[in-house]
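Novice: For reference, the sequence and a predicted model appear below.
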Amino acid sequence: MDTAFFLRWITIVTERVRADRDHLTDLDRAIGDADHGANLDRGFTAVEEALAAKPPETPADVLTTTGTTLIRRVGGASGPLYGTLFRTLGRSVGDVAEVSHEALAEAFAQALAAVMKLGSAQEGDKTMIDALAPAVQGMRTSLDAAAQAAGDGARATTAMRARKGRASYLGERSIGHQDPGATSMALVVDALRAA
Amino acid sequence: MVGIVLISHSAALAEEAVALAVGIAGEDAPIRPAGGTDDGDLGTSLTKLEEAVAEVDQGDGVVVIMDLGSAVLTARTFVEDRADVVLADAPFVEGAVNALVTAQTGAALDEVVAAAEEARTIGKLC
């Protein structure tokens, strides 16, 4: 997987976030503050501009620019979380022209650990971790398996009670709604296999 | 002196919390707000946090006190590569007052953080 692959990945994520913007915001309206779709759309639009302004030369450039831009431009909790995900991916793959599947799987494992630490979140807390952790497991096999696992993980959050984030203030009332962060994480992972 | 930054989702809340802390504790130690997004909406901004920390940094360290949610995440992201900036796990208003009172005595960074965090254990009705 080369620089062009990672650029395609980010482009697909940007397009899908834009297309799903209202859906993500609706999920967030149920148990959050109704800004997840808008925040991610603003963030990835800024990423698109940043990548166009200074074309990246390596996969790590793509990932680091994406992460840094999200941290600066999203404004909500998903900015530092997704920003840390992409920056950790960039740091982990290192200064290479081609990333092997094994290296990407290892980078995702490191990114999972970094995002869990930043958010003090565990699996089962009804957060993006519930899509990302299964994706990391699935990625040991293939990108298809990762996408499938992330989607299943996101859907499984519907039955969970939120223990982190704005939704946790709702307690029992958070049950019955799919988590917006897990939903967008599944979108991000699924876009890998389309890249 | 140790500097203090209050990061909140709301620009107005951060500014008023600074005003309240200064009104109670005085303005001998540097304290600045970092509230809202770059566009002035509810949310937090890494850029505002960086600017506020730079303004209060006198070389003795900086304590950051957060309200909730993305304020915590933005602050945590910021301190990843700043050993001289410490996050206090403290109530926003009470922690700010305690930190400012202590910073004005010329206390060291760890003492100011401890003072802010002590505010967690002080009851209001007992």
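Specialist: Looks like it arrived, so ask away. This structure is a prediction, so every number in the text was calculated from the model and none was measured.
Novice: what's the next secondary structure element after the longest helix anywhere in chain B?
Specialist: Longest helix of chain B, by residue count under DSSP state H: helix B:11-25. Counting by DSSP states H and E, the next helix or strand C-terminal to helix B:11-25 is strand B:31-35.
Novice: Adjacent strands (with direction) for that next one?
Specialist: strand B:3-8 (parallel) (DSSP bridges).
Novice: Compute the inter-axis angle for the partner strand and helix B:11-25.
Specialist: Angle, strand B:3-8 to helix B:11-25, by axes from the mean of the first three to the mean of the last three CA atoms, to 10 degrees: 140 degrees.
Novice: Output stretch A:100-117 in CSV with nothing but the alpha carbons.
Specialist: What follows is stretch A:100-117, C-alpha atoms only, in CSV (Å, rounded to 0.1, in the frame of the first residue of the first chain):
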residue,chain,number,x,y,z
SER,A,100,2.8,-4.1,4.1
HIS,A,101,-0.5,-5.5,5.4
GLU,A,102,1.3,-6.7,8.5
ALA,A,103,2.7,-3.2,9.2
LEU,A,104,-0.7,-1.7,8.8
ALA,A,105,-2.3,-4.2,11.2
GLU,A,106,0.4,-3.5,13.7
ALA,A,107,-0.1,0.3,13.3
PHE,A,108,-3.8,-0.2,13.9
ALA,A,109,-3.1,-2.1,17.1
GLN,A,110,-0.9,0.7,18.3
ALA,A,111,-3.5,3.3,17.3
LEU,A,112,-6.2,1.4,19.3
ALA,A,113,-4.0,1.5,22.4
ALA,A,114,-3.3,5.2,21.9
VAL,A,115,-7.0,6.1,21.5
MET,A,116,-8.0,3.9,24.5
LYS,A,117,-5.5,5.7,26.6
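Novice: lowest average confidence, helix or strand, in chain A?
Specialist: helix A:21-31 (a mean of 92; mean pLDDT, DSSP states H and E).
Novice: And for chain B?
Specialist: helix B:70-79 (a mean of 95).
Novice: Would you mark the buried spots in stretch A:2-13?
Specialist: Across stretch A:2-13, burial judged by 16 or more other CB atoms under 10 Å in any protein chain shown covers A:3, A:6-13. Where you see a C-beta, it was placed from the backbone N, CA and C, and this is true even at glycine.
Novice: Keep only those of those that are in helices.
Specialist: Members of those lying in helices (criterion: DSSP H): A:3, A:6-13.
Novice: Including pLDDT and distance to A:Ala113, could the residues you listed go into CSV?
Specialist: Shown next, in CSV, are those (pLDDT from 0 to 100; distance: CB to CB, whole Å):
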residue, pLDDT, distance to A:Ala113
A:Thr3, 98, 25
A:Phe6, 98, 21
A:Leu7, 98, 26
A:Arg8, 98, 26
A:Trp9, 98, 21
A:Ile10, 98, 22
A:Thr11, 98, 27
A:Ile12, 98, 25
A:Val13, 98, 21
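Novice: can you put the residues you listed in JSON lines and add distance to B:Leu87?
Specialist: Listed next are those as JSON lines, based on distance: CB to CB, whole Å:
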{"residue": "A:Thr3", "distance to B:Leu87": "36"}
{"residue": "A:Phe6", "distance to B:Leu87": "32"}
{"residue": "A:Leu7", "distance to B:Leu87": "35"}
{"residue": "A:Arg8", "distance to B:Leu87": "38"}
{"residue": "A:Trp9", "distance to B:Leu87": "33"}
{"residue": "A:Ile10", "distance to B:Leu87": "31"}
{"residue": "A:Thr11", "distance to B:Leu87": "36"}
{"residue": "A:Ile12", "distance to B:Leu87": "36"}
{"residue": "A:Val13", "distance to B:Leu87": "30"}
